[in-house]
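S.K.: below are the sequence and a predicted model; questions follow.
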Amino acid sequence: MSMPAHVVVTTSPQDAKTLRTPWPFTGRADELELVRRSVTAGRNGIVVTGPAGCGKTRLVTEAVRGTDCARAAGTPETRAIPFAAFAHLLPESVTLHRALHLLSGVRLLLVDDAHLLDDASAALVHQLAVHGRTRLLVVATEGVPAPGAVSRLWSGELLPRLTLEPLPREETADLLAAGAATALDPLTVDRLHRLSRGDLRLLRELVTAVGEERLLAPVPGTDQWAWRGPVPLTTAVRERAAHLLDRPRAEERETLERLAFAEPLPLDLDALDAGVLERLEAEGLVAVDDHGAARLAHPLHGPVLRAAAGRLRARRLGRAPDRCGPALAGENDAMALRVEQADVRALETPVGEWLAAEGMPLPARYAALRARFARLRGRLSEAAAWAREGLRTSPDDTSCREELALAAAQSGDTTAESHGAAEAWAAAARGDIDGAARAAARSGDPYDAVRLGAPERAAGRLTGVFAGHADALERGDGPALDRVAEELERRGFLLFAAEAHAQAVRAHRDPGAARTARTRAVALARRCQGARTPALSGLVFGELTARQRQIVTLAAAGLSNRQIAERLTLSVRTVGNHLYGAYTRLGAGDRGALPWLMELPEPQPA
């Protein structure tokens, strides 16, 4: 980095804080590569925005790791002090013109918490962007006021903006798998994701508290641990809920607590004070739905308010869990109808999730249907978890045992129980495909025979998209199988869609179409929580190394091998070798199939 000799680069206390990385960096691979590309030679930089706690600082810290980078950060305490954010980079007394001159020699400048910059520092960052000699990596939190000079970085299109969304569920699961001390069961992962809403700091606080307070219990028959019961009311969690617990108006605290103890059900607006509700809704603490019912806006608030309430208040406001019976039956009926309609897209089921999270008994009938719904969606680990919840209440329930066996067998477990509908898949897991197809024809679920590659055994016994799948497979029609797969995916049947694409690979006469079908099958199968069925057996699921991922991302963006080699300071031969290895792992044949798999995000102007 070229800088005037009298300018000394130091690391601020905030930098030291942000460089601590107790969990490995996981997920956000595409966003990471996008940020890295935005601060390479010939680029002006990028602004990264998003809600508090979504991992913006962690992302940019990883992006500049190993580079020569100057850093600055805004803080609430120094917003009135000119150039406070750059005090460690500039002389004690300096004008904007002089500061611009001194920092124009910096090749890469990371500005964290830019929404907290003092006006002079904000103006300096804006002018650096205007002059374009310094590549800027600017981080700002959405939903809070920011200096006009900062917001004009993207609204004036000086720099592209990447809006970082909260970490999605699957990437949260990857992060927990990499960072948590023990393997967590899927319902615990779902609960942590739901409570944290993608806020990585809150996620880490909850995981740490659950572990330290020994709230995890082993899941029988697995290497997983589960968290059921109350949310630990740690100091960090209390601080996050201080605006709830320390309400100056007693009627507001009373309303919030009534909503908390009503969970998982909402309350009718007629039962609450309209003026109080309006104030709480304006603050974003209460949400009102289209049916005239109110509930707490954040899923963490209810557990915190319940945990903080005294015993007498809890007895006055609390209601027996059996009040959930009708609502749980409604969720059960909604899932059953969706299955009947061949539509298993995500469905809100707050009552069942709340009962499971609190460790309350869950009716086996509901648990078995919930497991089936998850299995049909391709979420096999989640299906097994729901089946175990039902068996915890009713250890001998046949439906829950069958769902558990189906989830295990379709995950390739050769020791899965073999009875009922699970007989076919247990045989398939052992490699007896012919026996599996015969068992499927006897089991009463003819579609299993199609999935196992024997559509003739399902002749005349299927309707709709499933009949279309059988017909396309029997005719060996690759394009028709791909169309079936797309329709199955639209309806939420991700595993079935992956299998249909995999079957299309063998049916296609066009090598290019076969490669595309393979890539789509791999991408869908990866979302199915370890599914290993016969139709998927020819696919390769190996994960990419960090270098392969980097090279494949650049290739998917359209760069040639030579351009990639120049950018990463590698030989063209090395790039080619990495790409060949990546194609093999991804199940792709060439660059043409990569964009579907990678789907790079692009920064959008505000």
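M.R.: That came through fine.

S.K.: tell me the buried residues in stretch 522-542?
M.R.: Neighbour counts using 16 or more other C-beta atoms under 10 Å place 522-529, 531-536, 539 of stretch 522-542 among the buried residues. Yep, even glycine has a C-beta here, placed from its N, CA and C like the rest.

S.K.: one more: stretch 419-430?
M.R.: Within stretch 419-430, the residues that count as buried by 16+ other C-beta under 10 Å are 420-429.

S.K.: next SSE after the worst-scoring helix or strand of the chain on mean pLDDT?
M.R.: Within the chain, no helix or strand scores below helix 13-19, which has a mean of 34 by mean pLDDT, DSSP states H and E. Using DSSP states H and E, the next helix or strand after helix 13-19 towards the C-terminus is helix 29-38.

S.K.: show me what that next one packs onto, helices and strands only.
M.R.: Applying 3 or more C-beta pairs under 8 Å, 6 or more residues apart in numbering; DSSP states H and E, one finds that helix 29-38 contacts strand 45-50, helix 56-63, strand 161-163, helix 546-556.

S.K.: contact partners for residue 210?
M.R.: Counting by C-beta atoms under 8 Å, 6 or more residues apart in numbering, residue 210 touches 216, 227, 232.

S.K.: skipping its backbone neighbours, what lies nearest the residue most central in space within the chain in space?
M.R.: Here the mean C-alpha position of the chain is nearest to the C-alpha of residue 168 (C-alpha atoms, centre = their mean), at a distance of 1.6 Å. Nearest non-adjacent residue to residue 168, counting by C-beta to C-beta, 6 or more residues apart in numbering: residue 198, 7.3 Å away.

S.K.: you'd agree that neighbour is up against residue 164?
M.R.: No - judged on C-beta atoms under 8 Å, residue 198 makes no contact with residue 164 at a distance of 9.4 Å.

S.K.: of the contacts of residue 210 - the most surrounded one?
M.R.: Among the contacts of residue 210, the one with the most neighbours (other C-beta atoms under 10 Å) is residue 227, at 23 neighbours.

S.K.: tell me how far that one lies from residue 179.
M.R.: Distance of residue 227 to residue 179, computed by C-beta to C-beta, to the nearest Å: 15 Å.

S.K.: same thing with residue 123?
M.R.: Distance of residue 123 to residue 179, given as C-beta to C-beta: 39 Å.

S.K.: who has more neighbours, these two?
M.R.: Comparing residue 123 with residue 179 by other C-beta under 10 Å, the one with more neighbours is residue 123, at 20 against 17.

S.K.: does residue 411 count as helix, strand or coil?
M.R.: Taken by DSSP: H, G, I helix; E, B strand; the rest coil, the conformation at residue 411 corresponds to coil.

S.K.: what is the neighbour count of it?
M.R.: Counted with other C-beta under 10 Å, the neighbours of residue 411 add up to 20.

S.K.: contacting residues for it?
M.R.: Contacts of residue 411 by C-beta under 8 Å, 6+ apart are 380-381, 529-532.

S.K.: point out where the stretch 1-150 of the chain drops to low pLDDT.
M.R.: Within the stretch 1-150 of the chain, the segments meeting pLDDT under 70 span 1-23.

S.K.: what's the answer for the stretch 451-600 of the chain, then?
M.R.: For the stretch 451-600 of the chain (pLDDT under 70), the answer is 538, 540-546, 583-600.

S.K.: and residue 467, how far from residue 144?
M.R.: To residue 144, residue 467 is 54 Å away according to C-beta to C-beta.

S.K.: am I right that residue 437 sits in a strand?
M.R.: No - Residue 437 is assigned helix when assessed by three-state DSSP, not a strand.

S.K.: would you confirm that it contacts residue 452?
M.R.: Yes - using C-beta under 8 Å, residue 437 is in contact with residue 452, at 4.8 Å.

S.K.: overlap of the contact sets of the two?
M.R.: residue 424.

S.K.: still on that earlier bit, and which of the contacts of residue 210 is nearest to residue 51?
M.R.: Closest approach between the contacts of residue 210 and residue 51, by C-beta to C-beta: residue 232, at 23.2 Å.

S.K.: just the closest of the buried residues of stretch 522-542 to residue 100, please.
M.R.: Of all those, residue 100 sits closest to residue 523, with 46.9 Å by C-beta to C-beta.

S.K.: hmm, back to that, same list, the buried residues of stretch 419-430, but as a markdown table with pLDDT and distance to residue 63 please.
M.R.: Shown next, in a markdown table, are the buried residues of stretch 419-430 (pLDDT from 0 to 100; distance: C-beta to C-beta, whole Å):
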| residue | pLDDT | distance to residue 63 |
| --- | --- | --- |
| 420 | 75 | 52 |
| 421 | 80 | 49 |
| 422 | 89 | 47 |
| 423 | 90 | 51 |
| 424 | 91 | 48 |
| 425 | 93 | 44 |
| 426 | 90 | 47 |
| 427 | 90 | 49 |
| 428 | 89 | 44 |
| 429 | 88 | 42 |
